[in-house]
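In: Structure of the sequence below:
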Amino acid sequence: MSDPIRVLIADDHAVLREGLRSFLELQDGIEIVGDAADGAEAVALAEQLRPAVVLMDLVMPKLDGVEAMRALRERVPETRVIILTSYIDDDRLLPAVRAGAAGYLLKNAEPQELARAIRAADAGEALIDPSVAARLVERLAEDDGRDQLQSLTPREREVLELIGRGFSNKRIALELGLAEKTVKTHVTHVLGKLGVADRTQAAIYAARHRS
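Out: Predicted coordinates for the structure are as follows:
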């Protein structure tokens, strides 16, 4: 039996933190290792506890969600961050995605959707609320990016397409008949050529340029 997915909850509302904990502790394969009331505490706890996934509110005292994510990328790069917020406005949405969010869900999401997002993030995939994804594609339409797309090799385009479908490296390897290490190399090249920071941004790019 595999180890449970270690999750840290970061939100400044105690009632919400307790509600999330109560639900997620009932889910198979998920373990809540701690919770934080502000961004600074979230970063400190993540360094100490090394969770696989952090559920992160965007608007918090001391350090907001985006700044906390940037700190986590430097200090605990293996930890994946899922944004769980009430906000979909561009001032918060785009910076969160660019900071490396592994998922972006609104607080009115169904509980099972949240559990699915945690499992997806742990598997190296990205789950974004459909309304959020639509807004991102709309905003990124301002930057056509065709030159970057043309720079990809045929194999890299195949990898990008599968990233856009939410596939993990392991699943891409199975789909294309490649070694997982080879897929990881292709993903690195795709991110570099497209000028994006992570798989979430690559998935959005793939959706924008899908023919």
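
In: so for the strand or helix carrying A40, what's the average pLDDT?
Out: Using DSSP states H and E, A40 maps to helix 39-49. Summarised as a single mean, pLDDT over helix 39-49 is 94.

In: likewise stretch 22-29?
Out: The predicted model gives stretch 22-29 an average pLDDT of 90.

In: For that stretch, measure first residue to last.
Out: 14 Å (Cα to Cα, to the nearest Å).

In: buried set for it?
Out: Neighbour counts using 16 or more other Cβ atoms under 10 Å place 24, 27 of stretch 22-29 among the buried residues. For glycine as for every other residue, the C-beta is placed from the backbone atoms N, C-alpha and C.

In: Over to stretch 42-52?
Out: Applying 16+ other Cβ under 10 Å to stretch 42-52 flags 42-43, 45-46, 51-52 as buried.

In: how about those residues, which pair is most distant?
Out: The distance between the two most remote of the buried residues of stretch 42-52 (Cβ to Cβ) is 15.8 Å, for V43 and A52.

In: what residue ranges in this structure score low on pLDDT?
Out: Of all residues in the chain, those with pLDDT under 70 make up the ranges 1, 89-90, 134, 136-148, 192, 195, 197, 210-211.

In: And the helices in it, which stretches?
Out: Listed in chain order, the helices of the chain (DSSP state H) span 14-24, 39-49, 65-75, 90-98, 111-122, 130-140, 146-150, 154-164, 169-176, 180-194, 199-209.

In: Switch these over to a markdown table; also include distance to V33.
Out: What follows is the helices of the chain, written out as a markdown table (distance: least, Cβ to Cβ, whole Å):
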| stretch | distance to V33 |
| --- | --- |
| helix 14-24 | 10 |
| helix 39-49 | 5 |
| helix 65-75 | 15 |
| helix 90-98 | 23 |
| helix 111-122 | 13 |
| helix 130-140 | 27 |
| helix 146-150 | 39 |
| helix 154-164 | 29 |
| helix 169-176 | 25 |
| helix 180-194 | 27 |
| helix 199-209 | 23 |
